[in-house]
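[1] Requesting a structural model of the entry that follows:
(one chain, ligands or ions: 3)
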Amino acid sequence: MSQTPEQSVLLSEDPPIDLRLSEAELEEARERIVSFIADVVDDAGAEGAVLGLSGGIDSTLTAHLAVEALGEDGLHGITMPAAMNDPDVMSDAERVAHDLGIEYDVVEIQPIAESFFAAFPEAAEDRTAAGNVYVRTRAVLNYFVANAENRVVLGTGNRAEAMTGYFTKYGDQAVDCNPIGNLYKQQVRQLAAHVGVPRDLVMQEPTAGMWEGQTDAEEMGLDYDTVDAILAVHVDGGLSRAATVRELGLPEEAVDRVVELYERSAHKRSMPPAPTR
Ligand SMILES: Nc1ncnc2c1ncn2[C@@H]1O[C@H](COP(=O)(O)OP(=O)(O)OC[C@H]2O[C@@H]([n+]3cccc(C(=O)O)c3)[C@H](O)[C@@H]2O)[C@@H](O)[C@H]1O
Ligand SMILES: Nc1ncnc2c1ncn2[C@@H]1O[C@H](COP(=O)(O)OP(=O)(O)OP(=O)(O)O)[C@@H](O)[C@H]1O
Ligand SMILES: [Mg+2]
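    Numbers count the residues shown, from 1 in each chain. Ligands and ions are numbered 1, 2, ... in the order given. This is a model prediction of the structure:
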């Protein structure tokens with residue numbers, strides 16, 4: 001449950017920079033996000049929200065805050081397992097729904113994905129292309145339910161993912177809002193602990209679950225503590241490359257890698273362009 005700043009555990013052993021929020025800041029973030037969710041639903045004239053529940057920390061935290069904003073009846077969770085998903089993680093997702101007392105469904109998406117793969121068998125050999133089919137299938141199902149039940153779709157993207165483009169275009173980013181979109185990953189975990197998410201979920205290794213054994217850290221080549229630090233200090237904070245390297249004690253290549261991820265994903269953070277006339 002709630003922790004004092006002294007008790008607030010550093011969730012990693014030795015991050016390059018400690019981005020922990022104070023107790024007062026955590027409470028402020030919680031209230032701000034809760035009223036953000038309530039406002040989005042209200043402004044849309046909707047009767048609640050829907051979100052994909054993966055058992056990961058981003059969707060778990062978003063679900064907790066959404067129940068605070070909308071009540072149990074205001075949130076419909078959908079768990080959408082596929083062949084490569086770890087059954088333990090999927091049961092974590094169901095545990096979250098059960099503990100929160102929300103309506104939830106489990107929809108097996110492997111057969112849906114298989115029908116896409118049958119249409120383009122060669123494309124299905126490409127790990128990322130195929131993985132994105134699962135991610136986009138979940139978006140279609142979220143909107144199917146949202147349309148039918150007059151709900152909005154809650155995104156679960158955080159600031160580290162948004163800035164590095166570590167999401168599927170029109171997949172997990174195909175949502176109506178991103179309540180935790182301003183939080184770096186360290187802060188997501190910290191806020192999750194603060195609102196009472198069980199520690200085993202807080203400490204779970206982040207994975208997109210697009211293929212067996214995938215982890216965010218391995219695919220990006222950097223862990224989130226490093227990504228968060230470089231974003232906060234250099235990309236968002238504006239400290240020069242050299243000063244960032246000195247300040248964080250990280251290799252230049254790590255800073256360059258984050259900048260590369262940021263720059264090459266610009267197209268994912270803007271509306272599709274059209275000629276100006
Ligand atoms: N410069 C440009 N201007 C306009 N459009 C551009 C473009 N470059 C690529 N594109 C378009 O973007 C497409 C590539 O983007 P996209 O389809 O997203 O595919 P891509 O970025 O290649 O793959 C998605 C990445 O996000 C990761 N992910 C996905 C989902 C969830 C999570 C998670 O953390 O849970 C992580 C996944 O592991 C993978 O690394 C291209 O096929 C092309 O259509
Ligand atoms: N098997 C799944 N069933 C339902 N929704 C899913 C599933 N896998 C992913 N999602 C949705 O896609 C979102 C993006 O996945 P992502 O992995 O970034 O977040 P997470 O799983 O909540 O947390 P973490 O990044 O720590 O794994 C999830 O938050 C969830 O809303
Ligand atoms: Mg995940």
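[2] I'd guessed residue 20 sits against residue 190; true?
    Yes. The pair residue 20 and residue 190 qualifies as a contact (Cβ atoms under 8 Å) at a distance of 5.8 Å. For glycine as for every other residue, the C-beta is placed from the backbone atoms N, C-alpha and C.
[3] if you count what's nearby, which of those two comes out ahead?
    Shown here are residue 20 and residue 190; by other Cβ atoms under 10 Å, residue 190 has more neighbours (24 against 18).
[4] do the one helix or strand the more buried one maps to and ligand 3 meet at all?
    Assigned by DSSP states H and E, residue 190 falls within helix 185-194. No. Judged by Cβ under 5 Å from the ion, helix 185-194 stays clear of ligand 3, getting no closer than 11.5 Å.
[5] Residues contacting that helix, please?
    2-3, 8-9, 11-12, 15, 19-21, 26-27, 29-30, 57-58, 60-61, 64, 158-161, 180, 183, 199, 201-203, 206, 224-225, 227-228 (Cβ atoms under 8 Å, 6 or more residues apart in numbering).
[6] check contacts around the residue of the stretch 151-277 of the chain found nearest ligand 3.
    Residue nearest to ligand 3 within the stretch 151-277 of the chain: residue 207 (4.9 Å; Cβ to the ion). Neighbour list for residue 207: 56, 89, 214, 215, 216 [criterion: Cβ under 8 Å, 6+ apart].
[7] The same query, at a cut-off of 10 Å, please.
    54-56, 85-86, 89, 213-219 (Cβ atoms under 10 Å, 6 or more residues apart in numbering).
[8] Work out for me the element it sits within.
    Under DSSP H and E, no helix or strand contains residue 207.
[9] what does residue 179 give?
    Short version: residue 179 belongs to no helix or strand, going by DSSP H and E.
[10] what's the spacing between the residue lying closest to residue 85 once chain neighbours are set aside and residue 251?
    Leaving aside its sequence neighbours, residue 85 sits nearest to residue 209 (Cβ to Cβ, 6 or more residues apart in numbering; 5.4 Å). Distance, residue 209 to residue 251, using Cβ to Cβ, to the nearest Å: 29 Å.
[11] neighbour count winner among these two?
    Neighbour totals were compared for residue 209 and residue 251, and residue 209 leads with 21 against 11 (other Cβ under 10 Å).
[12] mind checking how far the more buried one is from residue 138?
    10 Å.
[13] With residue 172 instead?
    7 Å.
[14] Between these two, which contacts overlap?
    With Cβ under 10 Å, 6+ apart as the test, residue 172 and residue 138 both reach 52, 54.
[15] Let me see the contact set for whatever residue of the chain ends up closest to ligand 3.
    Residue of the chain nearest ligand 3, by Cβ to the ion: residue 56 (3.1 Å). Counting by Cβ under 10 Å, 6+ apart, residue 56 touches 89, 92-93, 96, 156, 188, 201, 204-209, 216.
[16] Quick check on the residues you listed: which are buried?
    89, 92, 93, 96, 156, 188, 201, 206, 207, 208, 209, 216 (16 or more other Cβ atoms under 10 Å).
[17] what are the ranges of the strands in the stretch 151-277 of the chain?
    Here the stretch 151-277 of the chain has its strands, by DSSP state E, counting those that start in this stretch, at 152-153.
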